[in-house]
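> need a structure here:
(one chain, ligands or ions: 1)
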Amino acid sequence: MTDGKKMTGEVYYPAPEIIEHAHIPDYDKVNDEAVADLPGFWGKIAAENYEWYQPWEMVLDDHNAPFYKWFVGAKVNIVHNALDRHMRTATRNKAALIFEGEPGDSRVYTYQQLNYEVSKFASVLRALGVSKGDRVTIYMGRIPELMIAMLACAKIGAMHSVVYGGFSTEALLDRINDSESKVLVTCDGAWLRGNIVPLKQIANEAVARAGTLQSVVCVKRTGQEVEMIPDRDHWYHDLMALPIADPGAPTEVMDAEDPLFILYTSGTTGKPKAILHTHGGYMVGTSTTLKWVFDIKAEDIWWCAADPGWITGHSYIVYAPLILGATSFMYEGAPTHPYPDRWWSMIAKYGVTILYTAPTAIRGLMRFGRSWPKRHDLSSLRLLGSVGEPINPEAWKWYHRVIGRERCPIMDTWWQTETGNFMITSLPSMPLKPGSGTRGFPGVVVDVVDEEGDPVPVNEEGYLVIKTPWPAMLRTIFGDPDRYVQQYWSRFEEQGWYLPGDSAKKDEDGYIWIIGRIDDVIKVSGYRLGTAEVESALVSHKAVAEAACIGVPDELRGNVIKAYCILRQGYEPSEQLSIELRDHVGHEMGPIAKPSTVDFVESLPKTRSGKIMRRILKARVMGEDEGDLSTLAD
Ligand code: WT7
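Numbering: from 1, shown residues only. I've put the predicted structure just below:
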């Protein structure tokens, strides 16, 4: 690949034994094949690695692009491939999930046991009136029942809509209403740093105002007293003890293109978008990317330290590892509880071989110094991963040296809720450059272009674009197909390219360096938030007439939110009010959306048509040039 050819910058070359061990020892070869014949490439993978109830007539249908279809005409269910088929092989007796709770309790589910729970809960959902195509909202902490609930939905062909447990009332309510969910699955509470996050209480506030919801199922986790509404609310353990909870529940036969789930994510404007993924393409894409990028083998213990509430968890905690028959580890709580070595102690205890986490977590743990990881035997680790935001070379090197003991390559994976799986990523066999996402996954043609769509010169910033379709791509925005076209496919409509909304550079070696979002999306600790959502939470406070938010760089969290508010008549700026407004956003949206500062202003920079010019606010904070001011109102 790059043998003999000198690459520019700081480069870490993989050891020969790593290349030898890898599923894909030669990236260029596989990528060339894939790009030359995309349907042939994916069709072969799909035929060899999964069970289909009925084969496809066509691998890729692009007649109605950007409404692409994959494996057209095939019948499948992702759960058949994640669970059912393993019941016939030795995988049945293997650990699918090893779980450790924050208080230290631990559970292991074999594939057989997981299938048993999923099947029972699937029939419970059916008994609650959920059928194919219905939506179920799931709002829980990081516990095995979250995974069971998701798989149970998929098994009966219902779409799950998981709302991250760190979100609060308004965010949950919006998502329940937009999805028109019939059932909510939640838990009494979640453990976080020894405290209880009262999820059922938050859910009660939301459900009281939700239109379509008929039933609530509540898992007992933290054990405190919670309010249960008769007829509407049921304990999970009560339902699972009923004769209707049938461990032999059948798996629904789905079209490959039938919806699997929706997942809300923040966009440029207005309310969050419900990104829709399907059974067939998502199954093939997520599991192939996991297998190749993290080189998953039978003996591995894979730890994706994300939350199942985000796409990372959907793809790489729940679906892909199970499809591969792998063993996953999942931890409920905070990385630093009770001490900053919690993660390292669990890696040693369970013999985790691959750790996949976010730069913000690495930076957070780096602060405590190397003595904490040093007291643990981390020799089981063989690969590391990073996702969510660009990783600064300093954090990369610490991760590589202190955690990976200079033996473990770091896979930097760029992707999105929309893409469903890794898109720009290293493979274990590739030379690594700290901070670069490396190259497109085989078959994914990426480029960095200017306004006209022409490639920008080497090392210059431009729009990141994706030029080829891929199986796990989003199919639409649920309930808003026009917005799907407008948001992702209109910028380079003529060329038919997908616009992720990031800016990037490409270096001499063709390596991609992600710079950041080009829209009004802010990445705080890797979490994706829209300025519009935080602003509307601020404006919902009685003191606020108008608000604008921007993201500014932060050493630990990547970015933090700075808010500017114009107060209504009768309210005076004060430190007290600023704190109250931050707490208000925390209550409405969740702690992650809290602005780090709230400043009071008399006016906001706007265009003549009344749009807030956030880039001017940002340029002022950063002490940068304010750029073109010709559209500014005054
Ligand atoms: C945005 C998508 C998909 C997993 C988690 C985030 C940023 C993601 C990287 C990376 C640089 C990254 C991009 C992207 N991003 N991974 N490895 N290097 N930036 O999913 O919440 O949909 O956010 O996260 O800006 O557009 P998401």
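> Just say helix, strand or coil for the closest residue to residue 116 other than its chain neighbours.
Excluding its sequence neighbours, the residue lying closest to residue 116 (CB to CB, 6 or more residues apart in numbering) is residue 247, at 5.0 Å. Glycine gets a C-beta too; all of them are placed from N, C-alpha and C. Three-state call for residue 247 (DSSP: H, G, I helix; E, B strand; the rest coil): coil.
> Tell me which residues touch residue 247, please.
116, 119, 120 (CB atoms under 8 Å, 6 or more residues apart in numbering).
> Relative to residue 277, which of those is nearest.
For the contacts of residue 247, the residue nearest residue 277 by CB to CB is residue 119; the value is 22.5 Å.
> What count of nearby residues applies to residue 453?
Using other CB atoms under 10 Å as the criterion, residue 453 is surrounded by 16 other residues.
> picking that back up, ok, the residue nearest to residue 116 to residue 95 distance?
Applying CB to CB, to the nearest Å, the value for residue 247 to residue 95 is 19 Å.
> ok, back up a step: if we only consider the contacts of residue 247, which is nearest to residue 567?
The nearest one, if we look at these relative to residue 567 and count by CB to CB, is residue 120, at 54.0 Å.
> Can you give me every residue that contacts the closest one?
240, 245, 246, 247, 249.
> Now distance to the ligand and pLDDT too, for the residues you listed, in JSON lines please.
JSON lines is the format used below for the contacts of residue 120 (distance: CB to the nearest ligand atom, whole Å; pLDDT from 0 to 100):
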{"residue": "240", "distance to the ligand": "32", "pLDDT": "98"}
{"residue": "245", "distance to the ligand": "34", "pLDDT": "98"}
{"residue": "246", "distance to the ligand": "35", "pLDDT": "98"}
{"residue": "247", "distance to the ligand": "34", "pLDDT": "98"}
{"residue": "249", "distance to the ligand": "32", "pLDDT": "98"}
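> Now rank those by neighbours and give me the top one.
residue 249 (20 neighbours).
> what's near enough to touch the residue nearest to residue 328 when sequence neighbours are not counted?
Nearest residue to residue 328 in three dimensions, chain neighbours excluded: residue 321, at 4.6 Å (CB to CB, 6+ apart). Contact partners of residue 321, counting by CB under 8 Å, 6+ apart, are 96, 290, 296, 302, 304, 327, 328.
> helix/strand/coil for the first one?
Translated: residue 96. strand.
> Would you tell me which one of the contacts of residue 120 comes nearest to residue 593?
The nearest one, if we look at those relative to residue 593 and count by CB to CB, is residue 240, at 34.2 Å.
> and the contacts of residue 247, which of them are in helices?
Judged by DSSP state H, helices contain the following of the contacts of residue 247: 116, 119, 120.
> got a markdown table for these, with distance to residue 143 and pLDDT too?
Putting the ones in helices among the contacts of residue 247 into a markdown table (distance: CB to CB, whole Å; pLDDT from 0 to 100) gives the following:
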| residue | distance to residue 143 | pLDDT |
| --- | --- | --- |
| 116 | 17 | 98 |
| 119 | 19 | 98 |
| 120 | 16 | 98 |
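> Which single one of these is nearest to residue 60?
For the ones in helices among the contacts of residue 247, the nearest to residue 60 is residue 119 (33.0 Å; CB to CB).
> count of residues packed around the nearest residue to residue 255 once chain neighbours are set aside?
Once flanking residues are discounted, residue 255 sits nearest to residue 75: 6.4 Å by CB to CB, 6+ apart. Neighbour count for residue 75, taken as other CB under 10 Å: 18.
> next one: the one 10 residues further on
The number of residues packed near residue 85 is 17, by other CB under 10 Å.
> Can you pull the poorly scored residue ranges out of the chain?
For the chain, the stretches with pLDDT under 70 are 1-5, 270, 634.
> buried residues in stretch 395-405?
395, 396, 397, 398, 399, 400, 402, 403, 404 (16 or more other CB atoms under 10 Å).
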